[in-house]
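1. what shape does this take:
(one chain, ligands or ions: 1)
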Amino acid sequence: MSVLSADRLISPHGGTLVNRTGDRPEDLDALERFPVTSRELSDLDMIASGALSPLEGFMSRADYQHVVEEMHLASGLPWALPVALAVDEAPDGDRVALTDEADRAIATLEVDEVFPYDKEREAELCFRTTDDAHPGVARLYGQKPLYLAGRVTVFERPQQPFPELALDPAETRRIFAERSWKRVVGFQTRNPIHRAHEYLTKVALETVDGLLVHPLVGETKADDVPVEVRVACYRTLLEGYYPEGRAVLSAFPAAMRYAGPREAIWHAICRKNYGCSHFIVGRDHAGVGDYYGTYDAQLIFDEFAPHELDVEPMFFEHTFWCNVCGSMASTKSCPHGAADRVHLSGTKVREMLGEGDVPPVEFTRPEVARVLIDAYRRPEE
Ligand SMILES: [Zn+2]
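-> Below you'll find the model as predicted:
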(Lines give C-alpha, C1' and ligand atoms only; values in the text may rest on other atoms or scores of the structure.)
Protein backbone atom coordinates (compact mmCIF):
# COMPACT_ATOMS: atom_id res chain seq x y z
CA MET A 1 0.00 0.00 0.00
CA SER A 2 1.47 3.32 -0.96
CA VAL A 3 1.22 6.23 1.40
CA LEU A 4 -0.33 8.17 -1.44
CA SER A 5 -3.32 5.84 -1.81
CA ALA A 6 -4.04 5.84 1.94
CA ASP A 7 -3.88 9.63 1.91
CA ARG A 8 -6.72 9.69 -0.57
CA LEU A 9 -9.16 8.48 2.08
CA ILE A 10 -11.02 10.76 4.47
CA SER A 11 -9.09 11.44 7.70
CA PRO A 12 -10.29 9.81 10.91
CA HIS A 13 -12.44 12.00 13.18
CA GLY A 14 -10.04 14.33 14.98
CA GLY A 15 -7.22 13.48 12.56
CA THR A 16 -5.67 10.34 14.07
CA LEU A 17 -6.90 6.77 14.20
CA VAL A 18 -6.79 5.67 17.83
CA ASN A 19 -5.45 2.25 18.80
CA ARG A 20 -6.08 1.32 22.43
CA THR A 21 -5.22 -2.36 22.19
CA GLY A 22 -2.29 -3.54 24.28
CA ASP A 23 -0.70 -6.33 26.28
CA ARG A 24 -2.19 -8.00 29.34
CA PRO A 25 -0.54 -6.23 32.29
CA GLU A 26 1.52 -8.17 34.86
CA ASP A 27 -0.29 -6.66 37.85
CA LEU A 28 -3.77 -7.53 36.54
CA ASP A 29 -4.69 -9.77 39.50
CA ALA A 30 -3.95 -6.95 41.94
CA LEU A 31 -6.42 -4.52 40.34
CA GLU A 32 -9.93 -3.82 41.53
CA ARG A 33 -12.42 -5.29 39.05
CA PHE A 34 -15.36 -3.46 37.49
CA PRO A 35 -17.91 -5.35 35.37
CA VAL A 36 -19.12 -3.82 32.10
CA THR A 37 -22.50 -4.36 30.44
CA SER A 38 -22.81 -5.72 26.91
CA ARG A 39 -23.32 -2.18 25.58
CA GLU A 40 -20.27 -0.86 27.43
CA LEU A 41 -18.29 -3.88 26.18
CA SER A 42 -19.14 -2.99 22.62
CA ASP A 43 -18.14 0.67 23.23
CA LEU A 44 -14.92 -0.53 24.83
CA ASP A 45 -13.99 -2.63 21.84
CA MET A 46 -14.80 0.22 19.47
CA ILE A 47 -12.54 2.54 21.46
CA ALA A 48 -9.79 -0.11 21.20
CA SER A 49 -10.12 -0.42 17.42
CA GLY A 50 -10.30 3.31 16.74
CA ALA A 51 -13.92 3.15 15.57
CA LEU A 52 -14.67 5.86 18.16
CA SER A 53 -11.61 8.01 17.40
CA PRO A 54 -10.64 10.43 18.89
CA LEU A 55 -11.94 8.82 22.12
CA GLU A 56 -9.22 6.93 23.99
CA GLY A 57 -11.42 5.88 26.86
CA PHE A 58 -14.71 6.50 28.62
CA MET A 59 -15.70 10.15 28.68
CA SER A 60 -14.65 12.71 31.25
CA ARG A 61 -17.27 14.93 32.86
CA ALA A 62 -16.35 17.82 30.58
CA ASP A 63 -16.71 15.73 27.42
CA TYR A 64 -19.89 14.10 28.71
CA GLN A 65 -21.53 17.43 29.51
CA HIS A 66 -20.52 19.04 26.23
CA VAL A 67 -21.82 16.03 24.30
CA VAL A 68 -25.16 15.85 26.11
CA GLU A 69 -25.79 19.61 26.03
CA GLU A 70 -24.15 20.67 22.77
CA MET A 71 -23.33 17.60 20.66
CA HIS A 72 -19.64 18.44 20.76
CA LEU A 73 -16.67 17.18 22.79
CA ALA A 74 -14.97 19.67 25.11
CA SER A 75 -12.37 20.12 22.35
CA GLY A 76 -15.10 21.44 20.04
CA LEU A 77 -15.16 18.36 17.81
CA PRO A 78 -18.67 17.12 16.93
CA TRP A 79 -19.88 14.09 18.89
CA ALA A 80 -23.45 12.94 19.37
CA LEU A 81 -23.81 10.39 22.17
CA PRO A 82 -22.18 9.72 25.55
CA VAL A 83 -19.64 6.90 25.68
CA ALA A 84 -19.60 6.41 29.41
CA LEU A 85 -19.03 3.62 31.90
CA ALA A 86 -21.52 3.38 34.78
CA VAL A 87 -20.31 2.15 38.19
CA ASP A 88 -21.68 1.87 41.72
CA GLU A 89 -18.80 3.49 43.53
CA ALA A 90 -15.46 5.18 42.94
CA PRO A 91 -12.44 2.88 42.72
CA ASP A 92 -9.68 3.05 45.34
CA GLY A 93 -6.72 2.80 43.00
CA ASP A 94 -5.72 4.81 39.95
CA ARG A 95 -6.03 1.81 37.63
CA VAL A 96 -8.79 -0.80 37.49
CA ALA A 97 -9.54 -3.96 35.51
CA LEU A 98 -12.72 -4.14 33.42
CA THR A 99 -14.42 -7.51 33.21
CA ASP A 100 -16.92 -8.96 30.75
CA GLU A 101 -20.14 -10.82 31.54
CA ALA A 102 -18.17 -14.06 32.07
CA ASP A 103 -16.05 -12.19 34.68
CA ARG A 104 -12.93 -12.33 32.50
CA ALA A 105 -10.65 -9.30 32.70
CA ILE A 106 -10.50 -7.76 29.23
CA ALA A 107 -9.11 -4.27 29.71
CA THR A 108 -7.62 -1.81 32.14
CA LEU A 109 -8.77 1.76 32.76
CA GLU A 110 -6.58 4.58 34.05
CA VAL A 111 -8.91 6.36 36.48
CA ASP A 112 -9.34 9.98 35.46
CA GLU A 113 -12.45 10.95 37.40
CA VAL A 114 -15.75 9.65 38.77
CA PHE A 115 -18.85 11.82 38.53
CA PRO A 116 -22.61 11.68 39.09
CA TYR A 117 -24.90 12.29 36.13
CA ASP A 118 -28.50 13.26 35.54
CA LYS A 119 -30.27 10.35 33.84
CA GLU A 120 -33.38 12.34 32.94
CA ARG A 121 -31.34 15.13 31.41
CA GLU A 122 -29.33 12.62 29.38
CA ALA A 123 -32.55 10.89 28.26
CA GLU A 124 -34.29 14.15 27.36
CA LEU A 125 -31.44 15.49 25.25
CA CYS A 126 -29.99 12.29 23.77
CA PHE A 127 -33.15 10.24 23.26
CA ARG A 128 -35.59 13.19 23.02
CA THR A 129 -37.84 11.43 25.54
CA THR A 130 -37.88 10.53 29.22
CA ASP A 131 -40.33 7.68 28.62
CA ASP A 132 -38.97 4.49 30.14
CA ALA A 133 -40.84 2.44 27.52
CA HIS A 134 -38.08 3.54 25.11
CA PRO A 135 -35.47 0.73 25.15
CA GLY A 136 -32.49 3.11 25.26
CA VAL A 137 -34.04 5.19 28.03
CA ALA A 138 -34.96 2.05 29.99
CA ARG A 139 -31.36 0.90 29.82
CA LEU A 140 -30.11 4.35 30.88
CA TYR A 141 -32.49 4.43 33.87
CA GLY A 142 -31.31 0.97 34.90
CA GLN A 143 -27.65 2.03 34.93
CA LYS A 144 -25.43 2.42 37.98
CA PRO A 145 -25.35 5.99 39.39
CA LEU A 146 -21.79 7.20 38.63
CA TYR A 147 -19.70 7.47 35.50
CA LEU A 148 -16.08 6.31 35.63
CA ALA A 149 -13.86 8.14 33.16
CA GLY A 150 -10.42 7.28 31.90
CA ARG A 151 -8.23 5.98 29.12
CA VAL A 152 -8.53 2.25 28.44
CA THR A 153 -6.20 -0.47 27.18
CA VAL A 154 -7.93 -3.55 25.81
CA PHE A 155 -5.97 -6.80 25.79
CA GLU A 156 -8.83 -9.25 25.18
CA ARG A 157 -11.03 -8.49 22.18
CA PRO A 158 -14.51 -10.08 22.18
CA GLN A 159 -15.09 -13.12 19.96
CA GLN A 160 -16.98 -12.13 16.83
CA PRO A 161 -19.60 -14.45 15.32
CA PHE A 162 -18.00 -13.93 11.89
CA PRO A 163 -14.25 -13.35 12.38
CA GLU A 164 -13.70 -12.78 8.65
CA LEU A 165 -16.20 -9.90 8.78
CA ALA A 166 -14.70 -8.34 11.91
CA LEU A 167 -12.64 -5.65 10.19
CA ASP A 168 -11.23 -2.84 12.31
CA PRO A 169 -11.05 0.69 10.87
CA ALA A 170 -7.35 0.21 10.03
CA GLU A 171 -8.29 -2.89 8.01
CA THR A 172 -11.19 -1.38 6.07
CA ARG A 173 -8.96 1.62 5.34
CA ARG A 174 -6.25 -0.71 4.03
CA ILE A 175 -8.74 -2.51 1.78
CA PHE A 176 -10.10 0.78 0.42
CA ALA A 177 -6.56 2.08 -0.18
CA GLU A 178 -5.54 -1.13 -1.98
CA ARG A 179 -8.46 -0.61 -4.32
CA SER A 180 -7.46 3.02 -4.80
CA TRP A 181 -10.83 4.18 -3.53
CA LYS A 182 -11.15 7.75 -2.37
CA ARG A 183 -14.86 8.27 -2.01
CA VAL A 184 -16.55 5.43 -0.13
CA VAL A 185 -20.16 5.26 1.02
CA GLY A 186 -21.11 3.40 4.19
CA PHE A 187 -24.44 1.65 4.53
CA GLN A 188 -25.71 0.64 7.93
CA THR A 189 -28.45 -1.93 8.33
CA ARG A 190 -29.89 -4.31 10.87
CA ASN A 191 -32.23 -6.06 8.42
CA PRO A 192 -31.91 -8.26 5.35
CA ILE A 193 -31.41 -6.11 2.24
CA HIS A 194 -34.39 -6.17 -0.08
CA ARG A 195 -34.73 -4.34 -3.38
CA ALA A 196 -35.50 -0.98 -1.75
CA HIS A 197 -32.23 -0.85 0.18
CA GLU A 198 -30.25 -2.44 -2.63
CA TYR A 199 -31.47 0.47 -4.73
CA LEU A 200 -30.28 3.09 -2.20
CA THR A 201 -26.83 1.57 -2.04
CA LYS A 202 -26.59 1.42 -5.82
CA VAL A 203 -27.79 4.98 -6.36
CA ALA A 204 -25.12 6.05 -3.86
CA LEU A 205 -22.51 3.78 -5.45
CA GLU A 206 -23.08 5.42 -8.84
CA THR A 207 -21.44 8.60 -7.52
CA VAL A 208 -18.56 7.18 -5.41
CA ASP A 209 -15.75 4.61 -5.77
CA GLY A 210 -16.92 1.94 -3.39
CA LEU A 211 -19.57 0.72 -0.97
CA LEU A 212 -19.09 -0.54 2.58
CA VAL A 213 -22.07 -2.70 3.57
CA HIS A 214 -21.74 -2.41 7.32
CA PRO A 215 -24.49 -4.32 9.13
CA LEU A 216 -24.90 -4.13 12.85
CA VAL A 217 -23.97 -7.40 14.50
CA GLY A 218 -23.95 -6.10 18.09
CA GLU A 219 -26.89 -6.30 20.41
CA THR A 220 -30.20 -5.58 18.62
CA LYS A 221 -33.86 -6.15 19.48
CA ALA A 222 -34.95 -9.77 19.97
CA ASP A 223 -37.39 -9.58 17.06
CA ASP A 224 -34.71 -8.54 14.54
CA VAL A 225 -33.73 -11.23 12.00
CA PRO A 226 -30.88 -13.34 13.52
CA VAL A 227 -27.43 -12.20 12.52
CA GLU A 228 -26.38 -15.52 10.87
CA VAL A 229 -29.39 -15.33 8.58
CA ARG A 230 -28.76 -11.70 7.72
CA VAL A 231 -25.11 -12.36 6.92
CA ALA A 232 -26.12 -15.20 4.58
CA CYS A 233 -28.53 -12.77 2.87
CA TYR A 234 -25.85 -10.07 2.47
CA ARG A 235 -23.36 -12.54 1.01
CA THR A 236 -25.90 -13.91 -1.43
CA LEU A 237 -26.93 -10.45 -2.56
CA LEU A 238 -23.38 -9.13 -2.96
CA GLU A 239 -22.27 -12.22 -4.89
CA GLY A 240 -25.15 -12.01 -7.30
CA TYR A 241 -25.78 -8.33 -7.77
CA TYR A 242 -22.70 -6.15 -7.07
CA PRO A 243 -19.41 -5.99 -8.98
CA GLU A 244 -16.82 -7.83 -6.93
CA GLY A 245 -14.40 -4.93 -6.77
CA ARG A 246 -16.93 -2.30 -5.69
CA ALA A 247 -18.43 -3.53 -2.43
CA VAL A 248 -16.99 -4.67 0.89
CA LEU A 249 -19.03 -6.52 3.52
CA SER A 250 -17.96 -6.09 7.11
CA ALA A 251 -19.62 -6.15 10.51
CA PHE A 252 -20.27 -2.99 12.52
CA PRO A 253 -19.71 -4.00 16.16
CA ALA A 254 -21.83 -1.31 17.83
CA ALA A 255 -24.79 -2.03 20.10
CA MET A 256 -27.97 -0.23 19.09
CA ARG A 257 -28.99 2.64 21.33
CA TYR A 258 -32.18 3.46 19.38
CA ALA A 259 -31.41 7.15 19.84
CA GLY A 260 -32.64 8.00 16.35
CA PRO A 261 -31.27 11.38 15.15
CA ARG A 262 -28.27 11.54 17.49
CA GLU A 263 -27.39 7.95 16.69
CA ALA A 264 -27.39 8.80 12.97
CA ILE A 265 -24.69 11.41 13.64
CA TRP A 266 -22.78 8.95 15.81
CA HIS A 267 -23.02 6.26 13.14
CA ALA A 268 -21.77 8.68 10.47
CA ILE A 269 -18.76 9.68 12.59
CA CYS A 270 -17.91 6.01 13.27
CA ARG A 271 -18.04 5.25 9.53
CA LYS A 272 -15.71 8.17 8.87
CA ASN A 273 -13.22 6.36 11.11
CA TYR A 274 -13.66 3.24 8.99
CA GLY A 275 -12.72 5.33 5.94
CA CYS A 276 -16.14 6.29 4.57
CA SER A 277 -16.44 9.76 3.03
CA HIS A 278 -20.22 9.34 2.67
CA PHE A 279 -22.92 7.74 4.78
CA ILE A 280 -26.44 6.72 3.80
CA VAL A 281 -29.19 8.04 6.08
CA GLY A 282 -32.66 6.75 5.28
CA ARG A 283 -35.95 7.58 6.92
CA ASP A 284 -36.18 7.01 10.67
CA HIS A 285 -32.53 5.94 10.98
CA ALA A 286 -31.85 4.13 14.29
CA GLY A 287 -35.36 4.92 15.46
CA VAL A 288 -37.74 2.83 17.50
CA GLY A 289 -41.51 3.10 17.94
CA ASP A 290 -42.91 6.59 17.28
CA TYR A 291 -40.32 8.57 19.21
CA TYR A 292 -38.81 10.34 16.20
CA GLY A 293 -40.19 12.12 13.18
CA THR A 294 -39.58 10.42 9.83
CA TYR A 295 -36.92 12.93 8.78
CA ASP A 296 -35.43 13.86 12.18
CA ALA A 297 -32.33 11.73 11.57
CA GLN A 298 -31.70 13.69 8.35
CA LEU A 299 -32.56 17.16 9.69
CA ILE A 300 -30.16 16.86 12.63
CA PHE A 301 -27.19 17.05 10.23
CA ASP A 302 -28.17 20.70 9.66
CA GLU A 303 -27.32 21.47 13.29
CA PHE A 304 -23.64 21.21 12.36
CA ALA A 305 -21.74 23.80 10.37
CA PRO A 306 -21.04 22.87 6.73
CA HIS A 307 -18.10 20.43 6.54
CA GLU A 308 -17.84 20.28 10.33
CA LEU A 309 -18.52 16.55 10.29
CA ASP A 310 -16.48 16.10 7.09
CA VAL A 311 -18.33 12.84 6.35
CA GLU A 312 -21.13 13.60 3.90
CA PRO A 313 -24.61 12.24 4.67
CA MET A 314 -26.63 10.98 1.70
CA PHE A 315 -30.34 11.26 2.42
CA PHE A 316 -32.86 8.88 0.96
CA GLU A 317 -36.59 8.55 0.77
CA HIS A 318 -38.55 5.33 1.08
CA THR A 319 -38.13 3.50 -2.25
CA PHE A 320 -40.21 0.90 -4.10
CA TRP A 321 -40.72 -0.79 -7.44
CA CYS A 322 -43.11 1.16 -9.70
CA ASN A 323 -44.89 -0.89 -12.35
CA VAL A 324 -45.40 2.12 -14.63
CA CYS A 325 -41.83 3.44 -14.38
CA GLY A 326 -40.67 -0.17 -14.70
CA SER A 327 -37.93 0.50 -12.16
CA MET A 328 -37.14 1.18 -8.55
CA ALA A 329 -38.09 4.72 -7.60
CA SER A 330 -39.20 6.98 -4.80
CA THR A 331 -41.73 9.79 -4.51
CA LYS A 332 -38.85 12.07 -5.53
CA SER A 333 -38.52 10.36 -8.90
CA CYS A 334 -41.87 8.69 -9.68
CA PRO A 335 -45.15 10.57 -10.30
CA HIS A 336 -47.42 7.50 -10.13
CA GLY A 337 -49.77 6.44 -7.38
CA ALA A 338 -49.78 3.79 -4.68
CA ALA A 339 -51.74 1.36 -6.88
CA ASP A 340 -48.82 1.19 -9.33
CA ARG A 341 -46.24 0.47 -6.63
CA VAL A 342 -45.24 -2.89 -5.21
CA HIS A 343 -45.63 -2.54 -1.47
CA LEU A 344 -45.54 -5.34 1.10
CA SER A 345 -45.73 -4.80 4.85
CA GLY A 346 -43.11 -6.42 7.07
CA THR A 347 -45.83 -8.64 8.52
CA LYS A 348 -46.96 -9.75 5.07
CA VAL A 349 -43.37 -10.57 4.04
CA ARG A 350 -42.74 -12.63 7.20
CA GLU A 351 -46.02 -14.46 6.56
CA MET A 352 -45.05 -15.30 2.98
CA LEU A 353 -41.56 -16.44 3.93
CA GLY A 354 -42.94 -18.55 6.77
CA GLU A 355 -45.28 -20.26 4.29
CA GLY A 356 -42.37 -20.85 1.93
CA ASP A 357 -43.77 -18.40 -0.63
CA VAL A 358 -41.22 -16.35 -2.57
CA PRO A 359 -42.21 -12.64 -2.48
CA PRO A 360 -42.39 -10.83 -5.85
CA VAL A 361 -39.02 -10.29 -7.54
CA GLU A 362 -39.81 -6.57 -7.48
CA PHE A 363 -39.68 -6.72 -3.69
CA THR A 364 -36.76 -9.03 -3.00
CA ARG A 365 -34.18 -10.98 -4.99
CA PRO A 366 -35.27 -14.64 -5.22
CA GLU A 367 -31.87 -15.83 -3.95
CA VAL A 368 -32.30 -13.70 -0.81
CA ALA A 369 -35.88 -14.92 -0.38
CA ARG A 370 -34.64 -18.51 -0.47
CA VAL A 371 -32.11 -17.87 2.32
CA LEU A 372 -34.89 -16.36 4.45
CA ILE A 373 -37.37 -19.13 3.67
CA ASP A 374 -34.81 -21.76 4.71
CA ALA A 375 -34.16 -19.87 7.95
CA TYR A 376 -37.83 -19.38 8.81
CA ARG A 377 -38.58 -23.05 8.17
CA ARG A 378 -35.59 -24.46 10.08
CA PRO A 379 -37.35 -24.63 13.50
CA GLU A 380 -39.95 -27.16 12.27
CA GLU A 381 -37.38 -29.47 10.71
ZN1 LIG B 1 -43.65 5.39 -11.34
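2. the ion contacts on this structure?
-> For the chain, the residues in contact with the ion (C-beta under 5 Å from the ion) are 322, 324-325, 334, 336. All C-beta spots, glycine's among them, are computed from the backbone N, C-alpha and C.
3. CSV for the residues you listed, including pLDDT and neighbour count?
-> Formatted as CSV, the residues of the chain next to the ion follow (pLDDT from 0 to 100; neighbours: other C-beta atoms under 10 Å):
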residue, pLDDT, neighbour count
322, 98, 20
324, 98, 13
325, 98, 15
334, 97, 18
336, 97, 13
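4. find the closest residue to the ion in the stretch 151-300 of the chain.
-> As assessed by C-beta to the ion, the ion sits closest to residue 199 within the stretch 151-300 of the chain, at 13.3 Å.
5. need the max-distance pair from the residues of the chain next to the ion.
-> 324 and 334 (7.7 Å; C-beta to C-beta).
6. so for the helix or strand the residue of the stretch 151-300 of the chain closest to the ion falls within, mean pLDDT?
-> Take DSSP states H and E as the rule and residue 199 turns out to sit in helix 195-205. Throughout helix 195-205, pLDDT has a mean value of 96.
7. and the host helix or strand of residue 329, how far out from the chain middle?
-> Element membership of residue 329, judged by DSSP H and E, is strand 327-330. With C-alpha atoms, centre = their mean, to the nearest Å as the basis, strand 327-330 stands 26 Å off its chain's centre.
8. ok, and what's touching the helix or strand that comes right after that strand?
-> Downstream of strand 327-330, the first helix or strand assigned by DSSP H and E is strand 341-342. Strand 341-342 has contacts (C-beta atoms under 8 Å, 6 or more residues apart in numbering) with 320-323, 334, 360, 362-363.
9. where along the chain do the helices fall?
-> Taking DSSP state H as the test, the helices found in the chain are 3-7, 38-49, 61-70, 119-122, 135-141, 169-178, 195-205, 227-241, 261-273, 296-299, 346-355, 366-377.
10. please identify the most buried of the ones you listed.
-> Neighbour counts (mean count of other C-beta atoms under 10 Å) averaged over each of the helices of the chain peak at helix 261-273, with a mean of 26.
11. residues touching the closest residue to residue 10 other than its chain neighbours, list them.
-> Nearest residue to residue 10, sequence neighbours excluded (C-beta to C-beta, 6 or more residues apart in numbering): residue 277, at 4.4 Å. Going by C-beta under 8 Å, 6+ apart, residue 277 touches 9-10, 182-185, 208, 311-312.
12. just those residues: which are in strands?
-> 184-185, 312 (DSSP state E).
13. quick check on those: which are buried?
-> Buried positions within the ones in strands among the contacts of residue 277, assessed by neighbour count (16 or more other C-beta atoms under 10 Å), are 184-185, 312.
14. quick one: which of the residues you listed is nearest residue 70?
-> Nearest to residue 70 among these, with distances taken as C-beta to C-beta, is residue 312, at 22.2 Å.
15. so what pairs up with the closest residue in space to the closest one that isn't next to it in sequence in the strands?
-> Using C-beta to C-beta, 6+ apart and skipping the chain neighbours, the partner closest in space to residue 312 is residue 278 (4.8 Å). Following DSSP bridges, residue 278 is listed with bridge partners residue 185, residue 312.
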